[in-house]
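Student: with the sequence up front, the predicted model follows.
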Amino acid sequence: MQWSLFVLILMGQCSFSTCHLYEYHFIREGQSWEEAQSYCREHFTDLATVSDMRDVERLTNPPQTTDAWIGLRSINESDIKEWQWSLPGEKYIPTGCEPGCAPEWAPSQPNNRGVNPQNCVVIKASKWADTHCSHSLKFICYNETGEQKYFVIDEPKNWLQAQSYCRAHHTDLVSGITQIRSEEFQSKVGRVWMWIGLFREIWSWSDGKNFSFRHWEDSFVDKASKTCAMTKPHGKWSPDNCTDEKPFYCYDDKVILIKEKKTWDEALDYCRANHRDLVSITDRHQQRWVEKRAKMADTAFVWLGMRYTCTLDLWFWVSDRLVCYDNWAQEEQIEGCDRATAMKREGKWYERREGESLNFICAL
């Protein structure tokens, strides 16, 4: 490719079609949840994992006319419940007091008091408390784009209804410490309890990924007899008996972690000889998916398919994808031309010397 054309491609608009790092497959044959899980693991990767609304749209396009299993299951172990944020990609990191709480919790919270579990969180005067998800309360939505980020919704709804409203009209329920502590958000918090996007539950994905995204029907209720999740034709989820026979969704992974130590050039040659290429990451959705692979590496960093060119003084993906998204760590840059991009196991990107020997991730 001539350099002039190459520059035009890199300077173009980010309007290319999304390259999915995994594919969904709809299996019409009715099977129990465990039978479906075994089938998916034998023929593909696993039962479908769903990480955000984009995946929900992919499962419902083209639309199906029947309920179908996905890879979410309740393990009915109340002592391992974990707090999670509604917005995909946000992580709950407990700090400060015990057990498992952050400075934002009100005194003696969370307490999970009463017979029914208190699995949803409210905020008042900047302090949190856990309560029953069925209460009807005001809530605060978050907008990812636009000048105004936070919106107080005065119409009371239960937690699931509030989540659905925020996802339909904004981005999601307010989620994450950065949002909670922002000046704009603090100006919205009043003296009445309002929902935020923090919740806990005992549902987990078949493939072990810890994606917190859930898309339950507004009428969802945890029941001991219904511990497997299905997606309805309209895209919302509902629990059902695991022994019932239903069609199901599998997913097939399109990225693979190679636990061999190679230089960047050796990793590139390996991926192109045995798979497709070193992986490219063009949005946050792909970032989350690749990050899950990086956590399993034997080295502190894994190579990605981005390198530096001194000739043009810029970074580029070797797959010719546009560099429209990045997740660089805020660290001092290194000098020289022999630089490539590596992801640390926690997800941030770093400049590394191409001669280092690291694990790497290939696109299939």
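Tutor: Yes, it's here.
Student: is it fair to say Asp265 lies in a helix?
Tutor: Yes - counting by DSSP: H, G, I helix; E, B strand; the rest coil, Asp265 is found in a helix.
Student: doesn't Arg353 make contact with it?
Tutor: No - with contact defined as Cβ atoms under 8 Å, Asp265 does not reach Arg353; the gap is 11.6 Å. The way it works is simple: take the backbone N, C-alpha and C, and place the C-beta from them, glycine included.
Student: now the helices for the chain?
Tutor: Using DSSP state H, the helices of the chain run over residues 3-10, 33-43, 53-59, 159-169, 177-180, 183-188, 264-274, 284-294.
Student: need those in TSV (columns: mean neighbour count and mean pLDDT).
Tutor: Output for those, formatted as TSV (neighbours: other Cβ atoms under 10 Å; pLDDT from 0 to 100):
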stretch	mean neighbour count	mean pLDDT
helix 3-10	12	35
helix 33-43	18	95
helix 53-59	17	89
helix 159-169	20	91
helix 177-180	17	89
helix 183-188	12	89
helix 264-274	17	95
helix 284-294	19	86
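Student: relative to Leu257, which of these is closest?
Tutor: Leu257 lies closest to helix 284-294 among the helices of the chain, at 4.5 Å (Cβ to Cβ).
Student: quick one: residues contacting the closest residue to Asn274 other than its chain neighbours.
Tutor: In space, not counting the residues next to it along the chain, Asn274 is nearest to Cys362; the distance is 7.2 Å by Cβ to Cβ, 6 or more residues apart in numbering. When contacts are counted by Cβ atoms under 8 Å, 6 or more residues apart in numbering, Cys362 touches 255-256, 258, 270-271, 274-279.
Student: just the ones in strands from these, please.
Tutor: Secondary structure defined by DSSP state E assigns 255-256, 258, 277-278 of these to strands.
Student: for these, which two are the farthest from each other?
Tutor: The span of the ones in strands among the contacts of Cys362, defined through Cβ to Cβ, is set by Ile258 and Asp277 at 12.5 Å.
Student: more neighbours: those two, which one.
Tutor: Ile258 (21 against 17; other Cβ atoms under 10 Å).
Student: state the pLDDT value of that one.
Tutor: Ile258 carries a pLDDT value of 95.
Student: neighbours around the nearest residue to it once chain neighbours are set aside, how many?
Tutor: Spatial nearest neighbour of Ile258, excluding adjacent residues (Cβ to Cβ, 6+ apart): Phe360 at 5.4 Å. Other residues near Phe360 come to 31 when the count uses other Cβ under 10 Å.
Student: so Phe360 sits right up against Asn274, yeah?
Tutor: No - using Cβ under 8 Å, Phe360 is not in contact with Asn274, being 11.5 Å away.
Student: tell me how far Tyr251 lies from His20.
Tutor: Note on Tyr251: its distance to His20, by Cβ to Cβ, to the nearest Å, is 10 Å.
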